[in-house]
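**Student:** model this:
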Amino acid sequence: MAIGLLAGRWQLSRAEQKIVLANQIATMAAKERIDLNAKAWTLSEVEFRAVQARGQFLSNEIVWLDNRPKPNHGSLSQAHSGFYVLMPFLLDGPVTQVIWVNRGWAPRNSQDRLILPSINTPTGRVTIEGVAFAGAGKVLELGDQPNSKDRPRIQQNLDLAYEEKQLKYPQLPFVIRQNDPDRNDGLLRNWPPATVGVDRHYAYAFQWFALAAAALVFWFTTGFMRYRNKDKSF
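**Tutor:** Below you'll find the model as predicted:
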């Protein structure tokens, strides 16, 4: 019974955390868009803010983050697993620096994940827009990260500290989640709101509380029956 109550409270806590995060993201995203070319920004200055960057993609350094759900407007489809395509973006400006960009989602070959989907990458200088996040999101990872010399680079997560040591450019300490919907580059960017999954947490909480209630009823009923049987024996 205690386990059910604790698990239910944890699920409610997770739901509340997502709601708070969603409100924070909405508040920050409504502010004026930040020009990342202006200076060397810190995470605390830009997190959850709308950002804009001018420069060029370093397509040879592409990283395919595996086991990522397909974004579908208001939800994440766990039934369609694929890749987040991460690529460093060399910023124009007096100070040479790079920023990692989550360009979007691409499907994975169900037979052989080494057969990568075809995507288009601009070869010249472009302007991109998105939202700044601390990272690209983490999934459960078993074993060590692949060496950056492996090609193609298919891995579970992106370690910004590790990547900064590999690239020859200074790196901004956050990731842009690109928003531009009409690039026609073979990538999906129908990012869901941060509140996705809240209903699921509430449903799980209800199930755990129901289990705790059932355990209480069972305990009370069996205790009452034992009491009656004991009373009849005298």
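**Student:** Please make it C-alpha for all contacts and neighbour counts, starting now.
**Tutor:** OK.
**Student:** Show me how the record splits the chain into domains.
**Tutor:** What automatic domain parsing lists as the domains of the chain is 1-19+197-234, 31-193.
**Student:** Residue 119 and residue 183 touch, don't they?
**Tutor:** No - with contacts counted by C-alpha atoms under 8 Å, residue 119 stays clear of residue 183, the gap being 10.7 Å.
**Student:** Counting neighbours, go ahead and name the busier of these two.
**Tutor:** In this view residue 119 and residue 183 are compared by other C-alpha atoms under 10 Å, and residue 183 has more residues nearby, 14 against 11.
**Student:** which element is that one on?
**Tutor:** Using DSSP states H and E, residue 183 sits in no helix or strand.
**Student:** gap between it and residue 129?
**Tutor:** Distance, residue 183 to residue 129, by C-alpha to C-alpha, to the nearest Å: 11 Å.
**Student:** which SS state does residue 165 fall under?
**Tutor:** The three-state label given to residue 165 by DSSP: H, G, I helix; E, B strand; the rest coil is helix.
**Student:** Need the per-residue pLDDT for it.
**Tutor:** Residue 165 carries a pLDDT value of 89.
**Student:** Next, count neighbours for it.
**Tutor:** Residue 165: 11 neighbours (other C-alpha under 10 Å).
**Student:** go on, residue 192?
**Tutor:** 14.
**Student:** quick one: it and residue 69 touch, right?
**Tutor:** No - using C-alpha under 8 Å, residue 192 is not in contact with residue 69, being 11.0 Å away.
**Student:** now what about stretch 82-91, what contacts it?
**Tutor:** 37, 53-59, 61-70, 96-108 (C-alpha atoms under 8 Å, 6 or more residues apart in numbering).
**Student:** Could you pull up phi and psi at residue 98?
**Tutor:** phi -120, psi 160 (degrees, to the nearest 10).
**Student:** before we move on, what about residue 139?
**Tutor:** phi -120, psi 170.
**Student:** what comes up buried for the longest strand seen in the chain?
**Tutor:** Taking DSSP state E as the criterion, the chain has its longest strand at strand 75-91. In terms of neighbour count (16 or more other C-alpha atoms under 10 Å), strand 75-91 has its buried residues at 75-76, 81-91.
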